[in-house]
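Novice: build me a structure from this.
(one chain, ligands or ions: 1)
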Amino acid sequence: MSDLVDRLREGLPEAAVVQDPDVAAAYQQDMAGFCESAVPAAVVFPETVEQVQHVMRTATELRVPVVPQGARTGLSGAANAVAGCIALSLVKMNRILELDPVDRIAVVEPGVINADLSRAAARHGLSYPPDPSSWESCTVGGNIGTGAGGLCCVKYGVTAEYVLGLDVVLPDGRLLRTGRRTAKGVAGYDLTRLFVGAEGTLGVVVGAVLALRPAPPPQLVLAAEFASTDEACTAVCAVMAAGHVPSLMELMDTTTVRAVNAMAQMGLPDSTAALLLVGFDSLDPASDLAAVGELCREAGATEVVPASDSGESELLLQARRLALPALDRLGTTMIDDVAVPRTRLAEMLAGVARIGRDYELTIGVCAHAGDGNTHPVVVFDAKDEAESARARASFDAIMALGLELGGTITGEHGVGLLKKEWLARELGPVGLELQRQVKAVFDPLGIMNPGKLF
Ligand SMILES: Cc1cc2nc3c(=O)[nH]c(=O)nc-3n(C[C@H](O)[C@H](O)[C@H](O)COP(=O)(O)OP(=O)(O)OC[C@H]3O[C@@H](n4cnc5c(N)ncnc54)[C@H](O)[C@@H]3O)c2cc1C
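Specialist: The predicted structure follows:
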């Protein structure tokens, strides 16, 4: 181990290599429950591309595993350290190198915090749309690693749609440049896209060219209450079928609404079975909201309350962003992330409720309803072995249901450790074999974030 640290220090400032076991333990895992992890041999904080290259050359020479880490807000164990590894934290590579309003791009280092990029883009009249609820803490590198989504993806799409080009340090230390900084470009295989959602298993992202959009007008949001999740899902389908283009369409069930009220006294209606938030950032959001409010009423909404201004709208968004932390206060949680076609959303939510009853567990649901992307959160007592086993079984039942309904086991959080057995089921044998072969091309020694995905 001291050989490893000595070799790392040959190309890094002393303070960039941390061996202290207490500090190392703090970099052991992300925010997923139920996933194994180990204390890394060393935590390294590079500040330049050359330093990352030195780390990877050293790791290749000594055959030491490397786990890239952003802010470790991930929910699948994908950033968890493995025994004897280098935890490679990119948080100090956090500069926005360029923001170009003509080409509408940002060139950034991987440790830039998502919300910092959004604020910087806003100062130029631009926006960086992908907005995970963790945006104040997660990094762009982590967003690329997981292929993160967020609240406004129903209109603007997910991280993959905004990554134009990447600089990646490969496991042997070579620097790979993928993609482009032009508006168009189709030269060769799309390696950029391959790295989005690769969960750090192919290389270390050290720079990214990201597409920006003109800043949209302020968003107005409406809250609609429903006596059943079925009716709320009927409203979601009606809004989409009518051709509306909402910038937000989120759902919270009773358990979630109550948890948010208990945490932050938001005054949300906590007797409702489902609260639907729909937003528009169009030129005339008030009339879009009026039309959508009518569709909600036709679907059975008991109450429809449009926000009167962007301040009130932002409060509703805040409430939605608190959903996961609020549910987390109810006990130990396992956060699922199953996406189904919108047309099957009602069946998905009914199925999750049934699974909760069958396994005698509380399962709160919040969902990016416009994307069909549900986050059923299984709440349990980790000290109770039988209950923990039921929690894991219910989590699996939720994924099985998602696949049955034509969906995917993960809409945005990734596979990591949490869902690796399920990836094989979703991909099938041919898909799985080819993905393993792709991994071997980039990482023949298998040192890049080993044990994740497959
Ligand atoms: C309260 C809360 C709300 C959340 N809401 C959302 C949401 O709305 N939408 C959503 O998609 N997610 C959400 N998440 C999950 C999480 O924030 C995202 O997955 C985020 O993209 C992780 O970013 P990170 O910087 O924390 O990355 P980490 O968790 O540190 O890493 C994630 C993955 O990326 C890899 N990685 C990190 N940096 C690099 C790099 N430079 N090069 C190569 N690989 C790298 C890691 O190895 C790992 O596989 C939420 C999490 C919390 C706690």
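
Novice: surely Phe395 is within a helix?
Specialist: Yes. Membership of Phe395 in a helix is supported by DSSP: H, G, I helix; E, B strand; the rest coil.

Novice: surely it and Val338 touch.
Specialist: No. Using C-beta atoms under 8 Å, Phe395 is not in contact with Val338, being 10.0 Å away. Placement of C-beta: from N, CA and C, glycine included.

Novice: ok and the residue in the stretch 351-454 of the chain nearest the ligand?
Specialist: Across the stretch 351-454 of the chain, the shortest distance to the ligand (C-beta to the nearest ligand atom) belongs to Glu412, at 3.5 Å.

Novice: if I've got this straight, that residue is in a helix?
Specialist: No. Assessed with three-state DSSP, Glu412 is coil; it does not lie in a helix.

Novice: need the nearest residue in space to it, chain neighbours excluded.
Specialist: Spatial nearest neighbour of Glu412, excluding adjacent residues (C-beta to C-beta, 6 or more residues apart in numbering): Gly149 at 3.6 Å.

Novice: where does pLDDT dip in the stretch 1-150 of the chain?
Specialist: Along the stretch 1-150 of the chain, segments meeting pLDDT under 70 span 1.

Novice: so which bits of it are right by the ligand?
Specialist: Residues of the stretch 1-150 of the chain found near the ligand (C-beta under 6 Å from any ligand atom) are 30-31, 67-75, 78-79, 90, 110, 132-134, 138-139, 141-143, 145-146, 148-150.

Novice: of these, which belong to strands?
Specialist: Counting by DSSP state E, those place Val67, Pro68, Gln69 in strands.

Novice: and these as a markdown table, adding neighbour count?
Specialist: Converted to a markdown table, these look like this (neighbours: other C-beta atoms under 10 Å):
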| residue | neighbour count |
| --- | --- |
| Val67 | 28 |
| Pro68 | 26 |
| Gln69 | 30 |
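
Novice: pull the CA atoms of the lengthiest helix in the chain into PDB?
Specialist: Looking across the chain with DSSP state H, the single longest helix is helix 420-442. Provided in PDB are the C-alpha atoms of helix 420-442 (Å, rounded to 0.1, in the frame of the first residue of the first chain):
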ATOM      1  CA  LYS A 420     -26.700  -5.500 -11.400                       C
ATOM      2  CA  GLU A 421     -28.600  -8.800 -11.300                       C
ATOM      3  CA  TRP A 422     -31.500  -7.100 -13.000                       C
ATOM      4  CA  LEU A 423     -29.400  -5.600 -15.800                       C
ATOM      5  CA  ALA A 424     -28.900  -9.000 -17.300                       C
ATOM      6  CA  ARG A 425     -32.700  -9.600 -17.300                       C
ATOM      7  CA  GLU A 426     -33.300  -6.300 -19.100                       C
ATOM      8  CA  LEU A 427     -30.500  -6.600 -21.700                       C
ATOM      9  CA  GLY A 428     -30.800 -10.300 -22.400                       C
ATOM     10  CA  PRO A 429     -27.800 -12.600 -23.200                       C
ATOM     11  CA  VAL A 430     -26.700 -11.000 -26.500                       C
ATOM     12  CA  GLY A 431     -26.900  -7.400 -25.100                       C
ATOM     13  CA  LEU A 432     -25.100  -8.400 -22.000                       C
ATOM     14  CA  GLU A 433     -22.300 -10.200 -23.800                       C
ATOM     15  CA  LEU A 434     -21.700  -7.200 -26.200                       C
ATOM     16  CA  GLN A 435     -21.700  -4.800 -23.300                       C
ATOM     17  CA  ARG A 436     -19.000  -6.900 -21.500                       C
ATOM     18  CA  GLN A 437     -17.000  -6.900 -24.700                       C
ATOM     19  CA  VAL A 438     -17.200  -3.100 -25.000                       C
ATOM     20  CA  LYS A 439     -16.000  -2.800 -21.400                       C
ATOM     21  CA  ALA A 440     -13.000  -5.000 -22.200                       C
ATOM     22  CA  VAL A 441     -12.000  -2.800 -25.200                       C
ATOM     23  CA  PHE A 442     -11.600   0.200 -22.900                       C
END
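
Novice: what residues does that helix touch?
Specialist: Helix 420-442 is contacted from outside by 170-171, 194, 201-203, 396, 399, 403, 408-409, 415, 446, 448, 451-454, using C-beta atoms under 8 Å, 6 or more residues apart in numbering.

Novice: could you do stretch 394-410 as well?
Specialist: The contact list for stretch 394-410 (C-beta under 8 Å, 6+ apart) reads 76, 334, 336-341, 344, 347-348, 351-352, 355-356, 358-359, 361, 363, 372, 374, 376, 378, 415, 419, 422-423, 425-426.

Novice: which of those residues fall in helices?
Specialist: Among the contacts of stretch 394-410, the members falling in helices (DSSP H) are Glu347, Met348, Gly351, Val352, Ile355, Gly356, Asp358, Trp422, Leu423, Arg425, Glu426.
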